[in-house]
Structure formats: structure tokens, C-alpha cells
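A.B. asks: Below is the structure, and that's it, no one-letter string:
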Ligand code: C2E
Ligand code: MG
């Protein structure tokens, strides 16, 4: 409502109040009874209530008791005159609160001036003209009503303003809340776009932004920030064995540990799967050598932190990281190159046995390219019939007779030439290609052994190397073996499995069930590379092995190393007492053989007798011995 409209509305309200029939009260103060009566008569005709006071004292008392709407006050009165009464009343009431109309003598201008000075609203002179009296009284009363109305209107307005202010405050509060909700939603969206939902770490896109910023800063201030690719070793195994939810828990805990090892200014990001990225700032602008030491410290802190098992759902799981570092600008000046080189360094860590870290060096690029090439070619090796099996005889140390043979894979790639298993088996394990390849090995070995047995070597057995991956949940190992034995008609003890210590590092119920199943089927198990690690003894205790194969490195250094001699002697004694056969592999010299014969090692394998040979050559060996 605009100002003009509001004024019109007040005026009409004033009119309403005045004509509302409200009974007005007028106090007549005059020492003359006659005048009081005359005025009363006039006023009562106008429906005005009248109170009378015959002197000043009585007038003051009456006002204190009940404030009238108007006072008609005679100036000349005995004792307290009208001016004194006026002065006293004005101390308590303003002109608007209590209109006072003075009754003065016609010829005393002095009285009128004095009365108006002291706050009289108006005056009339004696003898009273009642028309004038009525006009002045109604004028004053109207002014008072108008003032009263304005006062009420002001109160109402203030109330409305207060109410409106409250409403605005409330609306404001609601708006603030709405803004807050929107801000939270926006930041949540932002978070989803930039952060990994599982671990809460920056995702690939945010990590890339951070790396760009880090490199801009590094160029400007000649710093040496560093990038680390971190991959969890055998994480797929955790997922396959313990389920995806356990895998998720482990990734969350891994993220927490990585964060703990980094500084606040560094970035730890999850690139996806079990791959993490670490951007190490170089805020301290260290010398190159000191910088490398600082980075090594971080790497060692991470390895140390992962050395403690992860407790997932009450189960202790050990998982290790492999780290690869690239340093700006030495190993690359742009994001892409640094990432590729950190990745290559990480692969080097994997090839060096995992659970370690490496810095990038240019020769890694060549190796990484070769690795990619090998992986690509390996995928076609089976269908291109590039794989074959060689057999290495295992000999009775006393009689020199061939008792069994170890089947060893060979890959003659059309593209890459002859590649040895130590190089391609880890790649086959990592990529899962070991599953079809492992099945092919078992099928081929069964066919081959059946042939040899048919030719008369009917006690001959063949040992087959089995990788950890083949003992996982989704492996077809047992099915393939059962089917191949059935097809060839071989007894179950004809094919024996060699398991390396690494297989047993994860002590899981699934692995135990798999091994139990093999044992129940009557498959003989060999503990391969015995003595190469520290878990061999506990494995012997837990599972029932038919044989143990002493590690090549121990046998090769046998003659000059007294500790190795003692180890071999003690192993043979322990195995005998447990009813387990012992095979010493890697026998290359007569001296080694003689020592092993002296300590009564039962079975011997090594180049001294024969290198691994093709099946045709092997049959010649069989015929020869
Ligand atoms: P392994 O099971 O320890 O096999 C014995 C390795 O020692 C063979 O290497 C063999 O050639 C070598 N060796 C035997 N006697 C001597 C010796 O007197 N001197 C020396 N210097 N070496 C000797 P190879 O054939 O290169 O196999 C390497 C590894 O590849 C095997 O080690 C095994 O772990 C793996 N491997 C081979 N074939 C298969 C397979 O079919 N499946 C799986 N999972 N792994 C396989
Ligand atoms: Mg072996």
C-alpha cells in the first residue's frame, strides 16, 4: 500500500472513531455553579458526559482519579487559579493526551497569552458564547481522537512491522537453510566428480589436476616433485578368496595407511582397482640427493605400514604394495611421461619379487615395452601351438634309475623366439593366462605319460608345477585333472603336483579345502623350493606332503658351504622321520652327487644327469638308463 492510500485510510478511520458513538468525558472546572450547570446542559445535549469541579484542588483530584477527554478550565478561581491548575496538569499530560480549554475574561488578553504559554489548547471568553464553546470543544476533541487514533495506528503499524520482521527473519532462515542444503548437495556432486566413493581419496581426474598444478609450480620454482604408482600385490586373490566386500574393506584400510605415510602437502589418490597414486611435493626444495633420501623414507614408511596384517572381519590378511617412482624433470617433464615411467618402475618392483619400490630408469621403458609385447604374444601362444613341454628326469640316487620326471614349460614364440618360463610364467600368473595354460599342461602330461606307460615304463610318474592362481576359487584345476586322468586311464598317483612356498603364504580356508581335495583324491604333493623361504617348515607341519624338493640354490652351493651341508643333512633326517621323500634338485656336479649319496638323499634331479629335454629325447634317456 503506498503512502497516499495509507493516509486516506487513516482519515476515514478517524471519522469512524469520532462518529463511533463513543461517550466522551469533559471536566468543567468553574467556581460558579451557574456557569457549570449551563455548560453541562449544553454538553449533555451533545451526548457528552460531564464531571464538575468547583475549584482547582477538586479539579486536580478528579483528573488523578479519572483522566477526562477534555478539561474546560476557568482562569479566575479563588485559592488555586486556573493557570496554576493548568501548569500542574501539563507536568503530567501533554496537549494531545489531555486537551485543556481555558475560560478567560473577555478583556484580559494577558490571561489568554499566559494560558497559551503554559500549554492551554485553546480558550473561550466570558460571557460564554455556546456556539463558540461547542465549536472549540468539538475541535479539540476531534484533534484528541485523531491523535489517539494515530497513536493506535502507530502501535498497530509497529506491531505489523515487528510481525513482518519476524516473518522476514523466518523466510531468511528458511532461505539460509535452503542455501545450505544446496551448498551441501553441490559440494556432494563436486565430491562425487573428484573423489573416489570407496576410499574418499581424490580420484584419477582430481589427481591429474593436482599433478598439473604441482608441475606448474615445479617449473616456476625449479622443484623436483615425485610421483609414485602403488599397486597392491595379489589383490585379486583377496577379492576372489574373501569376497568383494572384504576387498573393499581392505582398500579402505590401505588408503588410510597410505595417507598416514604421506605429508599433508602430498596427494594420495586412487586410480581405480588396487592402484594408487602418490604425488610427493617438493616444498622444502631439497638438494637432489637429499630429495631422493626423503622419497626413500616415504617408500619405506609405506612398506613398513603394510607389513602389519590387515584385520578384515576378524581375519588377518597380509597384502603388500609394489611402488614405482618417477621424479620431475629427470624422468619426464609432463604428466603423461611421469605417469608412464612411474608405472614402469612399479612393474620393475613386481618383477623384483613385489613388496618393494624402484625408481624409474630409462632401460625400464625398453623392458616395459617388451613385457607388453610378451603379454600380447602369450595370449596367442596356445592357439598358435607355440607351447611345448620339456621333461627333466628325477633319478634314484642309489640305482641311477629314472623314477619320475618334472614337466617344464617351454614357449617358442614365432615373434619373440624362445622364452623361458621364469620370464613368462609370472606374466601368465598375473594375467590369469596360467589357468588355460595350466589346464593344457595337465592334459598334455597325462597323454604323454599314458604313451610312455604303454611303452613299458608303467611305474613312471610326472610332476607338474602348479601356481597359486590355479588353486583359487575360479580355477578349473581339479576338473581338468579328473577329466584328463579319466581320459587317459592313469591312476591318480601318476601325476604329482609341485607347489612352491608362495602358494601357502595366504593361509585361507579355501586354499586348505583345495589342498585337502587334492589329498583326498590321492594326488601326491611335492613341496617345491624347500629352504628358499621361511614358511616351508610350517607348511610341512600343516599339510601332508609326499615329497620335498630342496631348493636349487642350496644344492648348487653345497660343497663349499658348511651351513648348506648341515641344512641338507638335517632336512633329510627330518623328512625321513616324517615319512616324506626328499628330492635334491639342481645337482650339477659329481661332488654334489657324492655328498647327497653319503647323506642318503633318495632322489636327485639336475643337469648332471640331464637338462630338461623334449619328449623324444626323454624316451631315449629312458631307454638308455
Ligand atoms: P622349478 O619348478 O624350480 O623347476 C626347476 C627349474 O630348475 C627348471 O627351470 C630347470 O631347468 C632348472 N634346473 C634343473 N636342474 C638344474 C641344474 O642342475 N642347474 C640349473 N642351473 N638349473 C636347473 P625352468 O625349466 O627354467 O623352469 C623355471 C620355473 O618355471 C620352474 O621352476 C617352475 O617354477 C616354472 N615352471 C615351469 N613350467 C611350469 C608349469 O608348467 N607351470 C608352472 N606353474 N610353472 C612352471
Ligand atoms: Mg618345480
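C.D. replies: That came through fine. Because the structure is predicted, anything quoted here is derived from the model rather than measured. Ligands and ions are numbered 1, 2, ... in the order given.
A.B. asks: Could you list the contact residues of the stretch 451-600 of the chain toward ligand 2?
C.D. replies: 465, 498, 528 (Cβ under 5 Å from the ion). (Each C-beta comes from the backbone N, C-alpha and C, glycine too.)
A.B. asks: Which ones among these map onto strands?
C.D. replies: 465, 498, 528 (DSSP state E).
A.B. asks: Can you tell me which of those residues are also in contact with ligand 1?
C.D. replies: Among these, the ones lying close to ligand 1 by the criterion of Cβ under 6 Å from any ligand atom are 465, 498, 528.
A.B. asks: between the residues you listed, which has the most around it?
C.D. replies: If you count neighbours using other Cβ atoms under 10 Å, the busiest of these is residue 528, which has 25 neighbours.
A.B. asks: ok, which stretches of the stretch 51-200 of the chain are helices?
C.D. replies: 56-65, 82-92, 109-117, 130-194 (DSSP state H, counting those that start in this stretch).
A.B. asks: Need the winner for burial among those helices.
C.D. replies: Counting by mean count of other Cβ atoms under 10 Å, helix 82-92 has the highest mean neighbour count of the helices of the stretch 51-200 of the chain, with a mean of 18.
A.B. asks: Please name the residues that touch the residue of the stretch 501-625 of the chain found nearest ligand 2.
C.D. replies: Residue of the stretch 501-625 of the chain nearest ligand 2, by Cβ to the ion: residue 528 (4.4 Å). Residue 528 sits next to 465, 498-501, 549 when contact means Cβ atoms under 8 Å, 6 or more residues apart in numbering.
A.B. asks: okay but residue 474 is in contact with residue 240, surely?
C.D. replies: Yes - if you go by Cβ atoms under 8 Å, residue 474 and residue 240 touch, sitting 6.3 Å apart.
A.B. asks: measure the nearest residue to residue 611 once chain neighbours are set aside to residue 479 for me?
C.D. replies: Distance criterion Cβ to Cβ, 6 or more residues apart in numbering; nearest residue to residue 611, sequence neighbours excluded, is residue 392 at 6.8 Å. For residue 392, the distance to residue 479 equals 27 Å [Cβ to Cβ, to the nearest Å].
A.B. asks: do residue 434 as well
C.D. replies: With the distance defined as Cβ to Cβ, residue 434 ends up 16 Å from residue 479.
A.B. asks: For the two, work out which one has more neighbours and name it.
C.D. replies: Ranked by neighbour count (other Cβ under 10 Å), residue 434 and residue 479 place residue 434 first, with 23 against 10.
A.B. asks: now, which of the ones next to ligand 1 among the ones in strands among the residues of the stretch 451-600 of the chain next to ligand 2 sits nearest residue 260?
C.D. replies: Nearest to residue 260 out of those is residue 528 (Cβ to Cβ; 37.6 Å).
A.B. asks: Tell me the predicted confidence for that closest one.
C.D. replies: On pLDDT, residue 528 comes in at 94.
A.B. asks: Number the residues from 6 up from this point.
C.D. replies: Yes, from this point I'll number from 6; that puts the last item at residue 533.
A.B. asks: Tell me where the model's unsure across the stretch 6-155 of the chain.
C.D. replies: Applying pLDDT under 70 to the stretch 6-155 of the chain flags the ranges 6-27.
A.B. asks: at 50 instead, please
C.D. replies: 6-23 (pLDDT under 50).
A.B. asks: what's the answer for the chain, then?
C.D. replies: Short version for the chain, where the test is pLDDT under 50: 6-23.
A.B. asks: More neighbours: which of residue 479 and residue 245?
C.D. replies: Between residue 479 and residue 245, counted using other Cβ under 10 Å, residue 245 has the larger neighbour count: 17 against 8.
A.B. asks: Which helix or strand contains that one?
C.D. replies: Of the helices and strands defined by DSSP states H and E, residue 245 is found in helix 240-247.
A.B. asks: other SSEs contacting the helix or strand just after that helix?
C.D. replies: Using DSSP H and E, the helix or strand that follows helix 240-247 towards the C-terminus is helix 249-266. In terms of contacts (3 or more Cβ pairs under 8 Å, 6 or more residues apart in numbering; DSSP states H and E), helix 249-266 is packed against strand 231-237, helix 240-247, strand 272-277, strand 280-285, helix 293-312, strand 315-317, strand 320-322.
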